[in-house]
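Q: Here you go, sequence then predicted model.
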Amino acid sequence: MDRFSIKDIEALTGIRAATLRMWESRYNLIEPKRSSTNIRYYDQDDLRKLLGVAALMRQGAKISRLAKMPAEELHQAVLHQELAPLPLDERLEALTLAMISLDEPAFQRLLTRAFDQCGVEEAMMDLIFPFFRRIGILWQTGSINPAHEHFITNIIRQKLIVAIDRLAEQAGPVPTSNPTSNPAYNARRYLLYLPEGEFHELGLLFASYLLKARGQQVAYIGANVPYPDLFVLDQQYRPDFTLFSMTSSLAQDSVADYLARIKQDFPRCIHLVTGPLAVLAEGQVRWESPLVLVKDFKDLIGRVEAYAAGMSVAV
């Protein structure tokens, strides 16, 4: 759980393997470890140091000086980058470093500053989700354990809930490309949930924020919703749309079977379906009304604003 290959380091820090080897020999920057089979690897302390080096070099620091800096000084220098309005992509190293170190105050500060400076939508789409993609290699290789994922996911989840609560306190929706001053604009009723066996809730929470920011009515049910509960929810809430994500294996049905049941049992409303499993099943499912495949958040925003403005949207 504490070993990174040179390819992992290259992917996470942006430092090319050849450059890293040169720095190791010329500046004694890092001394890689060797496995029992003589394979070189790096540990979490090495990753922390290299993340700091990569981040500070983007700000103009010289490698000759950084190589001499103690690890803790590098760590603090990177985490203090949030004090300046840096471009979002330059915060990735600081977020990764705070996650690896389980440094909650630093991660909280970085998120708060990004939300304040860029807005929730831009920060989530241009920083947080790219951050998840960037560190995905860590989960794939087993270099971090579920504790790290729970650590960052819960902090981001808390921030989103606060942002959603603030929307409720506003007088109206934030400006969009289809403002509410348009006479044709009207709020639709959305039911948001994850099917039984689905627990990755962060994207659904962000979708709730996007919908509420555009003046839509949202009933947020959450994760792991048993199929029979949908009949009760449909009768009581009478949604115009449902929105659900398919990310991991379902508890019972295949993706195609689940969608076929949804289409048959709830033909009255439009079902917006997103998530990796839905995209992968694109060729196996008849995407016709009332099923709509939503490929990303920009696609969702466009559809929501079009529906609210009374425009028809092609499946």
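A: Sure thing, it's come through.

Q: Give the next helix or strand downstream of the longest helix anywhere in the chain.
A: Secondary structure of the chain read by DSSP state H shows that its longest helix is helix 146-169. The helix or strand immediately downstream of helix 146-169 is strand 189-195, counting by DSSP states H and E.

Q: Relative to the whole chain's centre, how far out is that next one?
A: Relative to its chain's centre, strand 189-195 lies at 19 Å (Cα atoms, centre = their mean, to the nearest Å).

Q: So which bits of it are buried?
A: Neighbour counts over strand 189-195 (16 or more other Cβ atoms under 10 Å) mark 190, 191, 192, 193, 194, 195 as buried. Every C-beta, even on glycine, is put in place using the N, C-alpha and C of the backbone.

Q: Would you format those residues as JSON lines with pLDDT and distance to residue 270 included?
A: JSON lines is the format used below for the buried residues of strand 189-195 (pLDDT from 0 to 100; distance: Cβ to Cβ, whole Å):
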{"residue": "190", "pLDDT": "98", "distance to residue 270": "10"}
{"residue": "191", "pLDDT": "98", "distance to residue 270": "11"}
{"residue": "192", "pLDDT": "98", "distance to residue 270": "13"}
{"residue": "193", "pLDDT": "97", "distance to residue 270": "15"}
{"residue": "194", "pLDDT": "95", "distance to residue 270": "18"}
{"residue": "195", "pLDDT": "94", "distance to residue 270": "17"}
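
Q: now, among those, which is nearest to residue 8?
A: For the buried residues of strand 189-195, the residue nearest residue 8 by Cβ to Cβ is residue 194; the value is 30.6 Å.

Q: Spatially nearest residue to that closest one, not counting backbone neighbours?
A: Leaving aside its sequence neighbours, residue 194 sits nearest to residue 223 (Cβ to Cβ, 6 or more residues apart in numbering; 4.3 Å).

Q: ok, residue 230 to residue 201 distance?
A: Distance, residue 230 to residue 201, using Cβ to Cβ, to the nearest Å: 17 Å.

Q: That should have said residue 62, apologies.
A: Applying Cβ to Cβ to residue 62 and residue 201 gives a distance of 44 Å.

Q: In terms of neighbours, single out the busier of these two.
A: For the pair residue 62 and residue 201, the greater number of neighbours falls to residue 201 (21 against 9), based on other Cβ atoms under 10 Å.

Q: burial measure for the closest residue to the more buried one other than its chain neighbours, as a count.
A: Nearest non-adjacent residue to residue 201, counting by Cβ to Cβ, 6+ apart: residue 223, 4.9 Å away. With neighbours defined by other Cβ under 10 Å, the count for residue 223 comes to 15.

Q: Equivalent analysis for the one 10 residues further on, please.
A: For residue 233, the tally of surrounding residues (other Cβ under 10 Å) stands at 17.

Q: What does the pLDDT read for it?
A: In the predicted model, residue 233 carries a pLDDT score of 96.

Q: again, but for residue 219
A: Here the pLDDT value assigned to residue 219 is 97.

Q: Tell me the helices and strands packed up against the helix or strand in which the residue nearest to residue 201 is found.
A: Element membership of residue 223, judged by DSSP H and E, is strand 217-225. Counting contacts by 3 or more Cβ pairs under 8 Å, 6 or more residues apart in numbering; DSSP states H and E, strand 217-225 is packed against strand 189-195, helix 202-213, helix 227-237.

Q: One more pass at 7 Å, please.
A: Applying 3 or more Cβ pairs under 7 Å, 6 or more residues apart in numbering; DSSP states H and E, one finds that strand 217-225 contacts strand 189-195, helix 202-213.

Q: Now it: buried residues?
A: For strand 217-225, by 16+ other Cβ under 10 Å, it's 218, 220, 221, 225.

Q: With stretch 54-72 instead?
A: Residues 54, 55, 56, 61, 63, 66, 67, 69 are the ones in stretch 54-72 that count as buried (16+ other Cβ under 10 Å).

Q: What is the most widely separated pair among those residues?
A: Maximum distance among the buried residues of stretch 54-72 (Cβ to Cβ): 14.7 Å, for 55 and 67.

Q: any idea how far the closest residue to residue 267 other than its chain neighbours lies from residue 58?
A: Among residues not flanking residue 267 along the chain, residue 290 sits closest, at 5.9 Å (Cβ to Cβ, 6+ apart). Separation of residue 290 from residue 58 (Cβ to Cβ): 48 Å.

Q: cool, and residue 131?
A: Distance from residue 131 to residue 58, by Cβ to Cβ: 16 Å.

Q: Sweet, I'm off.
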